[in-house]
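Asks: only geometry, no sequence info:
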């Protein structure tokens, strides 16, 4: 199943301050494969890329955040080795 990219998603409930606008495009990958798919899609679509982790050290501007916002919230417990095998 392909990774779902949602349109015009509010980021207010995705940051500690509860402020900010909406992501033009938004996804929450759950696996490294889905993250890679999101990154490739952003590149293919020539989208600006924004990474959102826990949301505690970010202040989101009002209005539309252009491009793709990738939330890593669902990837808790996933680790990266720094090496790619294939």
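Replies: Perfect, thanks for sending it. Values in this document were obtained by computation on a predicted structure and should not be read as measured data.

Asks: Which phi and psi values does residue 38 adopt?
Replies: phi -60, psi -40 (degrees, to the nearest 10).

Asks: The chain: strands as residue ranges?
Replies: Listed in chain order, the strands of the chain (DSSP state E) span 6-10, 22-27, 49-52, 64-71.

Asks: Can you name the residues in contact with the last one?
Replies: Read that as strand 64-71. With contact meaning Cβ atoms under 8 Å, 6 or more residues apart in numbering, strand 64-71 is reached by 5, 8-9, 11, 14, 20-29, 35, 38-39, 41-42, 45, 47-53. (C-beta placed from N, C-alpha, C; glycine too.)

Asks: Tell me where the chain is predicted with low confidence.
Replies: 80, 82-86 (pLDDT under 70).

Asks: ok so, going back, out of the strands of the chain, which is the most enclosed?
Replies: With neighbours defined as mean count of other Cβ atoms under 10 Å, those peak in mean count at strand 22-27, which reaches a mean of 21.

Asks: Pairing partners for that strand, with directions?
Replies: strand 6-10 (antiparallel), strand 64-71 (parallel) (DSSP bridges).

Asks: Contacts for it, please.
Replies: Here strand 22-27 has contacts from 3-11, 34, 38, 47, 50, 63-71, using Cβ under 8 Å, 6+ apart.

Asks: do stretch 2-9 as well
Replies: 22-27, 29, 34, 37-38, 41, 64, 68-69.
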